[in-house]
Structure formats: structure tokens, C-alpha cells
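Asks: model the following, please.
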Amino acid sequence: MAEDDHPTAPDRNDPTALARIDWAIARIEAAVAARAQAGDALASRHAALKSRMAEAVAALDDVIARGTAS
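Replies: Model (predicted):
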């Protein structure tokens, strides 16, 4: 269901089962979206860290290579 397709949140005092189900679905969809966004942010940070570590290891390899060439 697209974000714009969400029914408006029912009145929490509305005792109907359908209203409670709609509210629960809205909460679940919001939690899923938040988790997906957090996962995307983590993947981005991981990729950046992996790249920086590869650069650091390459720099260390250069230092070691220059040290053994002397």
C-alpha cells in the first residue's frame, strides 16, 4: 500500500475491530518503512567504511613495500 493510500488513523476510542486493524496495519507499515530506511543508512555507512579501509590497507602495503626495498 502506498503511503498516500493509508486510511486516516481511526479514533482510538472507536471500538470497532476494523478500526483497530486499520490502526495496527498503519503502525506496522510505518515500522517496516523505518527499518528499511535504517538498513539503507547502515549499508551506506558500511560501504564508505569498507572503501576507507581498502585505501588504508593499500597505503600500508605501500609503506611496507618501500621499507623492504631499502
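Asks: drop to CA atoms for contacts and neighbour counts, all remaining ones
Replies: OK.
Asks: contacting residues for residue 17?
Replies: For residue 17, no residue meets the contact criterion (CA atoms under 8 Å, 6 or more residues apart in numbering).
Asks: quick check, pLDDT for it.
Replies: Per-residue pLDDT puts residue 17 at 89.
Asks: next one: it from residue 27, what distance?
Replies: As judged by CA to CA, to the nearest Å, residue 17 and residue 27 stand 15 Å apart.
Asks: same question for residue 54.
Replies: Distance of residue 54 to residue 27, given as CA to CA: 41 Å.
Asks: for this structure, what spans make up the helices?
Replies: For the chain, the helices defined by DSSP state H cover 17-69.
Asks: how about low-confidence regions in it?
Replies: The model of the chain has pLDDT under 70 over residues 1-14, 70.
Asks: swap in 50 and give it another go.
Replies: Low-confidence segments of the chain, defined by pLDDT under 50: 1.
Asks: buried residues, stretch 26-35. List them.
Replies: For stretch 26-35, the neighbour count (16 or more other CA atoms under 10 Å) marks residue 26 as buried.
Asks: let me redo that: stretch 57-70
Replies: Judged by neighbour count using 16+ other CA under 10 Å, stretch 57-70 contains no buried positions.
Asks: now that stretch - C-alpha only, CSV.
Replies: Coordinates of the C-alpha atoms in stretch 57-70 are reproduced here as CSV (Å, rounded to 0.1, in the frame of the first residue of the first chain):
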residue,chain,number,x,y,z
VAL,A,57,45.4,-1.2,3.6
ALA,A,58,46.7,-0.1,0.2
ALA,A,59,48.6,2.8,1.9
LEU,A,60,50.1,0.3,4.5
ASP,A,61,51.1,-2.0,1.7
ASP,A,62,53.0,0.9,0.0
VAL,A,63,54.8,1.7,3.3
ILE,A,64,55.7,-1.9,3.8
ALA,A,65,56.9,-2.2,0.1
ARG,A,66,59.1,0.8,0.5
GLY,A,67,60.5,-0.5,3.7
THR,A,68,61.5,-3.8,2.3
ALA,A,69,63.0,-2.2,-0.8
SER,A,70,65.6,-0.4,1.2
